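Student: below is the sequence, then the predicted model.
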Amino acid sequence: MRKLPLCIPGLVILTCVLAFHPSYSRETIVKSRATPKLLLLVVFDQLRGDYLQRWSELYGENGFKKLMQEGRWYSNCHYPYSMTVTGAGHATLGTGCTPAQHGIVENDWYDRSTRTEAYCASMYDRYKMIPEGARSKAGKDSGGAPDRLMVPALGDVVKAATSNKGKVIGISMKDRGGVLPTGKKADICYWYDNNEGAFVTSSFYTDRLPSYMQQFNQQKYADKWFGRNWERLRTDIDYEKYSGPDDQTGEGTGTSQGRVFPHSMTGGLSKPGSKFYDAVYNSPFGNDLTWAAAKVVIENEQLGMDDETDYLAISFSSNDAVGHIWGPDSQEILDITLRSDRLIAEMIGYLDERVGKDNYVLALSSDHGVCPIPEIQQKLGLKPGRVEVKLTLKELETYLARKYPVNGKWIDAATGAGLYINHQSLKHAGIEKKQMETEIAAWFKSKDYVKEVFTRTEIMSTAPLEGFGEPIRLCFHAERSGDVFPVLQPYWFLSTYKTGTTHGSPHEYDTHVPLLFYGSKVNAGVSRERVSPQLAAVGLAATIGGKLEHSTVQIPGDLFK
């Protein structure tokens with residue numbers, strides 16, 4: 001694995017010298033440490049902020065409750081920007097910056113220079129997946145990489161603070177969940193290959209999968225769930241009381257898993273294969289698989305076992321998959337959240353035993369929330385809905401072509417990063433870009449499902465913006481973002497699916513996430529101060545005397561003792 005030096009001018013590094021003596025007990029040394037041996041960023045993808053309060057009476061004493069009661073819990077934590085998606089969230093959690101600074105404005109955006117789609121955690125053909133021969137479901141062998149990050153991440157700070165001696169590793173079911181929070185100097189990152197049910201990496205980090213991960217993959221750990229139904233974790237509680245009916249209009253069925261409990265775990269196959277490994281991802285077992293692999297990493301890389309601080313980012317992706325399919329008011333999301341609580345309890349017990357409870361600091365958060373399923377909201381008397389992306393763009397193109405005839409399209413692309421106006425069409429029609437921005441904005445404003453619309457000209461001006469203008473500004477990057485930014489009404493979203501739900505708005509159900517710190521030097525208590533998840537990286541960096549210099553976030557005085 002590569003070990004690359006990092007020099008950050010002006011970085012203040014505080015070091016602690018421990019006086020070792022034969023008469024010193026391990027406990028004496030633990031109490032003397034000024035910096036932790038291990039930093040952990042734990043992310044539950046799509047764990048909405050209200051879940052901690054909503055189901056608090058159902059949690060055990062050693063999981064979320066332990067973090068909430070013995071750690072520092074920021075109950076009013078919100079992303080300050082508009083594009084609440086996985087890539088942007090993980091980059092923010094890892095860098096302490098907003099998308100306007102770190103450049104990850106979406107999971108995918110339109111690259112005007114190449115006229116192609118850009119993905120947040122890959123440079124496509126520049127790097128290959130490792131082991132050799134690994135392929136995505138689309139048949140591509142592109143390897144993940146943090147090249148598109150524009151600012152240093154927490155991993156880079158750890159490398160600088162330890163003179164490259166501390167290890168920096170990320171693991172997730174998603175490549176972006178491991179790559180983006182760790183930064184450009186990570187030793188290695190792993191993610192899930194749902195073709196083989198195995199963990200892979202990229203030639204950005206190494207040319208060979210470490211032997212311990214090869215051995216883990218050879219065990220076919222995921223296969224133990226083949227043919228075992230996903231049943232409710234607890235039989236002693238009424239799931240409907242705490243979430244809702246098991247069978248609700250608008251819920252999806254996963255990968256041949258069905259809409260209601262129990263959920264099949266075969267993927268419709270007679271033996272383990274790609275669709276079964278998808279089903280694992282769409283279930284709590286994906287989190288169990290990730291944690292099993294993470295423990296193999298911790299033990300074989302000896303994380304937290306010497307005096308140089310190591311950093312591990314673990315992102316549990318299955319909460320997101322389950323939430324997309326069955327929604328936040330489902331028995332499925334309640335069940336995976338209860339299982340996540342038990343997973344955290346296991347993690348804390350494991351870390352206390354292996355690393356020592358005074359030797360690590362853990363920050364737990366999420367990359368975004370999620371919108372309720374529209375069909376369920378309709379039953380509550382609201383008027384939400386799904387907006388079909390392709391039909392909307394076709395309607396817009398037809399409108400613009402009639403008013404401004406041109407030989408070609410008016411919209412190059414449309415992503416969460418905005419609508420990208422075709423510059424060639426502007427040139428041929430002799431129309432100023434600002435005029436076309438205004439025209440498209442007016443068209444969107446005529447739609448009852450649109451709340452607000454902002455243009456590139458407005459975002460790039462220095463004038464204050466009302467409504468969601470400032471959150472869009474915090475997610476805007478001139479080289480990567482589009483030209484027109486519609487914000488849909490609450491509980492509406494763009495979708496190509498007829499069931500399930502999604503996220504990606506500046507509404508509170510998408511911005512509200514948990515933020516908890518736990519471990520050495522953390523001051524226990526609950527804070528209702530409104531904070532940003534950016535604090536996760538900034539706070540962890542501070543425990544080793546480091547600083548994420550591009551971040552403007554200040555550490556609250558109540559965080560550390």
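Tutor: The structure has been received and is ready for your questions. Keep in mind that what you see is a predicted model, and the values were worked out from it rather than measured.

Student: please name the nearest non-neighbouring residue to residue 293.
Tutor: residue 199 (5.4 Å; CB to CB, 6 or more residues apart in numbering). The C-beta positions use only the backbone N, C-alpha and C, and glycine is treated the same way.

Student: what number of residues lie near residue 228?
Tutor: Residue 228 is flanked by 12 other residues according to other CB atoms under 10 Å.

Student: can you show me the helices along the stretch 351-500 of the chain?
Tutor: In the stretch 351-500 of the chain, the segments counted as helices under DSSP state H, counting those that start in this stretch are 374-379, 389-403, 423-429, 433-445, 456-460, 469-473.

Student: helices and strands around the third one, which ones?
Tutor: With contacts defined as 3 or more CB pairs under 8 Å, 6 or more residues apart in numbering; DSSP states H and E, helix 423-429 has these neighbours: helix 433-445.

Student: sorry, back to before: now tabulate the helices of the stretch 351-500 of the chain in TSV and tack on mean neighbour count and mean pLDDT.
Tutor: Below are these laid out as TSV (neighbours: other CB atoms under 10 Å; pLDDT from 0 to 100):
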stretch	mean neighbour count	mean pLDDT
helix 374-379	18	89
helix 389-403	13	96
helix 423-429	15	95
helix 433-445	17	98
helix 456-460	18	98
helix 469-473	21	98
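
Student: make JSON lines from those helices and add distance to residue 321 to it.
Tutor: Output for those, formatted as JSON lines (distance: least, CB to CB, whole Å):
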{"stretch": "helix 374-379", "distance to residue 321": "19"}
{"stretch": "helix 389-403", "distance to residue 321": "21"}
{"stretch": "helix 423-429", "distance to residue 321": "38"}
{"stretch": "helix 433-445", "distance to residue 321": "31"}
{"stretch": "helix 456-460", "distance to residue 321": "32"}
{"stretch": "helix 469-473", "distance to residue 321": "26"}
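
Student: A strand includes the residue nearest to residue 293, no?
Tutor: Yes. Judged by DSSP: H, G, I helix; E, B strand; the rest coil, residue 199 forms part of a strand.

Student: check contacts around it.
Tutor: Contacts for residue 199 (CB atoms under 8 Å, 6 or more residues apart in numbering) come out as 171, 190-193, 213, 216-217, 293.

Student: and residue 466, how many neighbours?
Tutor: Number of residues near residue 466 (other CB under 10 Å) recorded here: 9.

Student: where's it relative to residue 198, distance?
Tutor: According to CB to CB, to the nearest Å, residue 466 stands 50 Å off from residue 198.

Student: check what pLDDT the residue nearest to residue 293 gets.
Tutor: Note for residue 199: predicted pLDDT of 97.

Student: partners of it in the sheet?
Tutor: Residue 199 forms beta bridges with residue 192, as assigned by DSSP bridges.

Student: then residue 522?
Tutor: With DSSP bridges applied, residue 522 shows beta-bridge pairing to residue 560.

Student: same deal with residue 387?
Tutor: Counting by DSSP bridges, residue 387 is bridged to residue 494.

Student: wait, doesn't it sit right on residue 496?
Tutor: No. Between residue 387 and residue 496 there is no contact under CB atoms under 8 Å: 10.1 Å.

Student: those two: who's more crowded?
Tutor: Between residue 387 and residue 496, residue 387 has the larger neighbour count (other CB under 10 Å), namely 16 against 10.

Student: roughly how far does the more buried one sit from residue 402?
Tutor: 21 Å.

Student: over to residue 384?
Tutor: Residue 384 sits 30 Å away from residue 402, taking CB to CB as the criterion.

Student: which parts of stretch 50-59 count as buried, going by neighbours?
Tutor: For stretch 50-59, a neighbour-count test (16 or more other CB atoms under 10 Å) marks 50-52, 55, 58-59 as buried.

Student: how long is it end to end?
Tutor: 14 Å (CA to CA, to the nearest Å).

Student: which residues are contacting it?
Tutor: Stretch 50-59 is contacted from outside by 64-65, 68, 73, 75, 234, 237, 242, 334, 337-338, 341, 512, 514, using CB under 8 Å, 6+ apart.

Student: pull out the buried members of the residues you listed.
Tutor: With burial judged by 16+ other CB under 10 Å, the buried subset of those is 64-65, 68, 73, 75, 334, 337-338, 341, 512, 514.

Student: for the buried residues of stretch 50-59, which one is nearest residue 482?
Tutor: residue 50 (30.9 Å; CB to CB).

Student: separation between that closest one and residue 509?
Tutor: From residue 50 to residue 509 the distance is 8 Å (CB to CB).

Student: any residues in contact with both of the two?
Tutor: Joint contacts of residue 50 and residue 509 (CB under 8 Å, 6+ apart) do not exist.

Student: could you list the low-pLDDT ranges of this protein?
Tutor: For the chain, the stretches with pLDDT under 70 are 1-33, 137-139.

Student: repeat that for 80
Tutor: For the chain, applying pLDDT under 80 flags the ranges 1-34, 124, 136-140.

Student: before we move on, back to that, who wins for neighbours among the contacts of residue 199?
Tutor: Neighbour counts for the contacts of residue 199 (other CB under 10 Å) peak at residue 190, which has 30 neighbours.

Student: can you tell me how far the residue nearest to residue 127 when sequence neighbours are not counted is from residue 186?
Tutor: Closest residue to residue 127 apart from its sequence neighbours, by CB to CB, 6+ apart: residue 143 at 3.5 Å. Residue 143 is 13 Å from residue 186, where distance means CB to CB.

Student: of those two, who's got more company?
Tutor: residue 186 (28 against 24).

Student: wait, isn't the more buried one in contact with residue 155?
Tutor: Yes. Using CB under 8 Å, residue 186 is in contact with residue 155, at 4.9 Å.

Student: common neighbours of these two, please.
Tutor: Any residue near both residue 186 and residue 155 by CB under 8 Å, 6+ apart counts here, and that gives 168, 170.

Student: how close does the closest residue to residue 374 other than its chain neighbours sit to residue 334?
Tutor: The shortest distance from residue 374 to any non-neighbouring residue, by CB to CB, 6+ apart, is to residue 384 (4.1 Å). To residue 334, residue 384 is 21 Å away according to CB to CB.

Student: again with residue 459
Tutor: Counting by CB to CB - residue 459 and residue 334 are separated by 39 Å.
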